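*Asks:* I would like to see how this sequence folds:
(one chain, ligands or ions: 1)
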Amino acid sequence: MNYDVIIVGAGPGGIFSAYELVKAEKNLKIAVFELGNSLERRHCPIDGKKVKSCIKCPTCAIMSGFGGAGAFSDGKYNITNQFGGTLYQYVGKQEALDLMKYVDEINVAYGGEGTKLYSTANTKIKKQCLENGLHLLDAQVRHLGTDINYVVLENLYNELKKSVDFYFNDPVSAVEKTDKGYTINAKSGTYTCTNCIISVGRSGSKWMEKICDEMNIPTKSNRVDIGVRVELPASVFSHLTDELYESKIMYRTEKFEDLVRTFCMNPNGVVVNENTNGIVTVNGHSYEDKSKHTENTNFALLVSKHFSEPFKDSNGYGESIARLSNMLGGGVIVQRFGDLVRGRRSTQSRIDENFMTPTLSATPGDLSLVIPKRILDGIIEMIYALDKIAPGTANDDTLLYGVEVKFYNMEVEIGEKLHTVFPGFYVIGDCSGVTHSLSHASASGVQVARNIIETL
Ligand SMILES: Cc1cc2nc3c(=O)[nH]c(=O)nc-3n(C[C@H](O)[C@H](O)[C@H](O)COP(=O)(O)OP(=O)(O)OC[C@H]3O[C@@H](n4cnc5c(N)ncnc54)[C@H](O)[C@@H]3O)c2cc1C
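*Replies:* Model prediction:
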């Protein structure tokens, strides 16, 4: 065997697996294969001047490379079982929280010291939400910020590269089960291992599906979240973001009784493009460094769509809606809330005259031509509900960027050790469908490493 453990994907799941395996000091031979670049070579060409929007690079520097999809993220590590994944269903509620706290300790030790841990415990905002039909979910959140998140990743890489072989720009195309373990076909060659951890994230969802098909690993379809990113003056939300940083608020619409929720809140942040498999959607982040703060706060409003038989392709549904916005706007569309409720498109002159300046250069347009009515009605209802706890949310000048789509991987059938039906073959992180966040994906990495060490 070339390696004791091969890890496919160098996102948080892969990194924390490698970290925990190295920490066990068992002299294991470990390799990580990553289709993207090493951290310092990850550059998105969008500079706002020469390149204003996504040019669809063959490998997206935002989604791929050391650090995975989270490398340039806001670095919000939520410690909670209420959102971000269902790891607790496999390892138990307390164990899942302990794993996330352990990940937090490592992040702090590797450069995150001095960053703030926010908490919803004892906040009066919870009551204020309830009084207005809104529900604040419980969580602690460590906000590393895009800048410190990068430093933590840099430090982790410098530590890991001493004991782990990293193969960058080296996508794995196939995995085969052999008598003694697994054969991995990568761009650079064929390698063998006893244990194989797959952690290819959301960007590797199609590849994961293919592998499950080839190896007959059962899967089931999942959900897709569709919505918009809201951008407003930071002062409108400052009483929430100063205390909680990120507030996950849920609302049940009166019209359809659908659930709408806030997601990924970025105080004083920026709205950014995201490219998933060539489709441009919207996201956001913010920096810990105050000199990089903007005057705006952004967050997503999302509605989950679960499909029942016979339709299975929830991601395909989300992709089609995102494609429609790309077709009409050449990328992301931006619309003033005032224009949306008046049933007219936003134009460049209306955006220029807006009291608030957008942080992303997007195409002014009409989101009602893209987002299904039921979803859009829910979002509008929630904006009015949020206006009661954060007056100003429903101002005409509030900007909505669309579409924001959260794709989920289909759920891979795995057991409580995060193992598949094949011994020594594990699927973790977002590609398992079990996690959808930095903290849960990282925690699943720690857990799988401990499980492997137990079997040695
Ligand atoms: C812009 C943005 C902001 C975000 N902000 C936050 C946040 O603040 N908080 C939060 O909790 N979550 C956030 N997320 C989500 C978070 O980044 C993911 O949940 C997390 O990164 C999942 O970790 P992972 O290791 O499972 O997968 P990923 O991070 O996606 O890593 C998977 C890696 O596998 C590689 N790969 C794929 N296929 C192959 C292959 N065939 N061979 C080799 N390598 C392959 C990919 O290139 C990638 O680097 C954000 C996501 C984005 C895109």
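*Asks:* gap between the residue sitting furthest away from the middle of the chain and V303?
*Replies:* In the chain, counting by C-alpha atoms, centre = their mean, D179 sits farthest out from the average C-alpha position, at 36.4 Å. As for D179, its distance to V303 is 48 Å (criterion: C-beta to C-beta, to the nearest Å). All C-beta spots, glycine's among them, are computed from the backbone N, C-alpha and C.
*Asks:* residues touching the closest residue to G365 other than its chain neighbours, list them.
*Replies:* Leaving aside its sequence neighbours, G365 sits nearest to I333 (C-beta to C-beta, 6 or more residues apart in numbering; 3.9 Å). By C-beta atoms under 8 Å, 6 or more residues apart in numbering, I333 lies in contact with 325, 362-367, 370, 401-403.
*Asks:* next one: I333 from the ligand, what distance?
*Replies:* Using C-beta to the nearest ligand atom, to the nearest Å, one gets 18 Å for the distance from I333 to the ligand.
*Asks:* which ones are touching V427?
*Replies:* 197-199, 208, 217, 412, 414, 418, 420.
*Asks:* and the ligand, which of these contact it?
*Replies:* Restricting these to those near the ligand by C-beta under 6 Å from any ligand atom leaves S199.
*Asks:* going by neighbour count, which of the contacts of V427 comes out on top?
*Replies:* Highest neighbour count within these: S199, with 32 neighbours (other C-beta atoms under 10 Å).
*Asks:* SS state for whatever residue of the stretch 101-250 of the chain ends up closest to the ligand?
*Replies:* As assessed by C-beta to the nearest ligand atom, the ligand sits closest to G201 within the stretch 101-250 of the chain, at 1.9 Å. Look at G201: counting by DSSP: H, G, I helix; E, B strand; the rest coil, its state is coil.
*Asks:* pLDDT value on it, please?
*Replies:* What the model reports as pLDDT for G201 is 96.
*Asks:* neighbours around A71, how many?
*Replies:* Neighbours of A71 (other C-beta under 10 Å): 23.
*Asks:* who's in contact with it?
*Replies:* By C-beta under 8 Å, 6+ apart, the neighbours of A71 are 39, 42, 62, 65, 149-150, 153.
*Asks:* sorry, back to before: so how far is E254 from the residue nearest to G365?
*Replies:* Taking C-beta to C-beta as the measure, I333 falls 27 Å from E254.
*Asks:* okay, K56 and N273: tell me how far apart.
*Replies:* 11 Å.
*Asks:* ok, now D387?
*Replies:* Separation of D387 from N273 (C-beta to C-beta): 28 Å.
*Asks:* who has more neighbours, the two?
*Replies:* Remark: of D387 and N273, N273 carries more neighbours, 21 against 16, as counted by other C-beta under 10 Å.
*Asks:* my read: that one touches G330, true?
*Replies:* No: with contact defined as C-beta atoms under 8 Å, N273 does not reach G330; the gap is 11.3 Å.
*Asks:* which residues do these two both contact?
*Replies:* Taking C-beta under 8 Å, 6+ apart as the contact rule, N273 and G330 both touch S53.
*Asks:* got any ranges where this structure has weak pLDDT?
*Replies:* For the chain, no stretch has pLDDT under 70.
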